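In: Structural data only, the sequence is not supplied:
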Ligand code: UDP
Ligand code: MG
């Protein structure tokens, strides 16, 4: 299952490498490509690929819905006993699928690729990614394996479990881990992008990170009660101290600076806390609206199953 967004430069090379691997594996297969609202020649190229090999099945979104949604759509469409997810830019070596399948046949229910180094990412992205996964690991109920991405094989039971998740904010890395099952890691070297450039800008990665936090942790919501408790306790003590001082030494004019600092600080904290609340409320709103996860523009070899996108 391949999510694609403006990947015309990679498609010929991708299929040239993928096809022999799939033939070697020797099991019946289908290649599901989800065109996530590409604006280039991706779709026409995919149609040409399907004309040559009917096992290539195509789904085209009505617009760009994002990689996580594209993967969710592909998983819903996939009918096999196992499903392999991979990027379409050849950063994930197709040859590894053979190893995945061997591990799966040996009993693993999910086999995921772990990248050996992140040299293909810039320094900033590497640092921020590490910080993000470290924090999320500590704050959330899920264990995120380091350096594991979307390159993985999943057994039917895992796919069914993922498909049954109703949430609209689909932070897949969290979901993979949340479902559990027998998981195994396989190390691999990430290649350079075959063509084009990454679709994930820093800003988009930040939003992605926020989605991850909000979907798998309620600590950002709850920590304010602890801060509130601490501030209340401290100000209680301070109040006693001021009263005692006033009783003993009489009334003096207390500092303007301390008042200002306390007011501004607490004002800031309250705004942050409101912002966090607002973020979660916004997410509840998105879930409650119950819009479909994606809309299908066109499909070949697959049933559109629009209703399923809604369930
Ligand atoms: N992708 C997608 N929709 C998007 C952005 C990306 O389907 O909105 C696909 C893209 O075509 C590729 C995969 O997701 O197959 C990974 O994207 P990319 O290589 O840009 O991300 P990176 O490797 O930098 O994490
Ligand atoms: Mg990539």
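Out: Structure's in. What do you need? Please read all numbers here as calculations on a predicted model, not as lab measurements. Ligands and ions are numbered 1, 2, ... in the order given.

In: Assign the nearest residue to residue 39 once chain neighbours are set aside to helix, strand or coil.
Out: Residue nearest to residue 39 in three dimensions, not counting chain neighbours: residue 6, with 6.2 Å by C-beta to C-beta, 6 or more residues apart in numbering. Glycine gets a C-beta too; all of them are placed from N, C-alpha and C. Classification of residue 6 using DSSP: H, G, I helix; E, B strand; the rest coil returns coil.

In: Confirm for me that residue 6 is in contact with residue 43.
Out: No - here residue 6 does not reach residue 43: they are 10.4 Å apart, not a contact under C-beta atoms under 8 Å.

In: next SSE after the longest helix seen in the chain?
Out: Determined from DSSP state H, the single longest helix within the chain is helix 256-289. Counting by DSSP states H and E, the next helix or strand C-terminal to helix 256-289 is strand 296-300.

In: what comes up buried for that next one?
Out: 296, 299 (16 or more other C-beta atoms under 10 Å).

In: Adjacent strands (with direction) for the lengthiest strand in the chain?
Out: Scanning the chain for the longest strand, with DSSP state E as the assignment, gives strand 148-155. If you go by DSSP bridges, strand 148-155 pairs up with strand 82-85 (antiparallel), strand 110-115 (antiparallel).

In: what's the next secondary structure element after it?
Out: helix 156-163.

In: how much does that following helix deviate in direction from strand 110-115?
Out: 80 degrees (axes from the mean of the first three to the mean of the last three C-alpha atoms, to 10 degrees).

In: Next up, phi/psi of the residue nearest to residue 39, please.
Out: Backbone torsions for residue 6, taken as degrees, to the nearest 10, come to phi 50, psi 60.

In: need the residues of the stretch 151-300 of the chain near ligand 1, please.
Out: 198-200 (C-beta under 6 Å from any ligand atom).

In: Just put the residues you listed in a markdown table and tack on pLDDT.
Out: Output for these, formatted as a markdown table (pLDDT from 0 to 100):
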| residue | pLDDT |
| --- | --- |
| 198 | 82 |
| 199 | 79 |
| 200 | 81 |
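
In: Ligand 2: which of the residues you listed is nearest?
Out: Comparing those against ligand 2 with C-beta to the ion places residue 198 closest, at 5.5 Å.

In: Which helix or strand contains residue 232?
Out: Going by DSSP H and E, residue 232 is part of helix 219-249.

In: Just list what that helix packs against, helices and strands only.
Out: Under the contact criterion of 3 or more C-beta pairs under 8 Å, 6 or more residues apart in numbering; DSSP states H and E, helix 219-249 touches helix 256-289.

In: Tell me the residues of this structure that contact ligand 2?
Out: 87, 89, 91 (C-beta under 5 Å from the ion).

In: what residues are up against the last one?
Out: If I follow you right, that is residue 91. For residue 91, the contacting residues are 120, 190-194, by C-beta atoms under 8 Å, 6 or more residues apart in numbering.

In: Among those residues, which has the minimum pLDDT value?
Out: Taking the contacts of residue 91 together, the minimum pLDDT is found at residue 120 (71).

In: Could you verify my assumption that that residue touches residue 189?
Out: No - between residue 120 and residue 189 there is no contact under C-beta under 8 Å: 9.4 Å.

In: Residue 266 contacts residue 231, doesn't it?
Out: Yes - counting by C-beta under 8 Å, residue 266 sits close enough to residue 231 to count as a contact (7.1 Å).

In: which residue is nearest the middle of this protein?
Out: Nearest to the geometric centre of the chain sits residue 171, at 3.3 Å (C-alpha atoms, centre = their mean).
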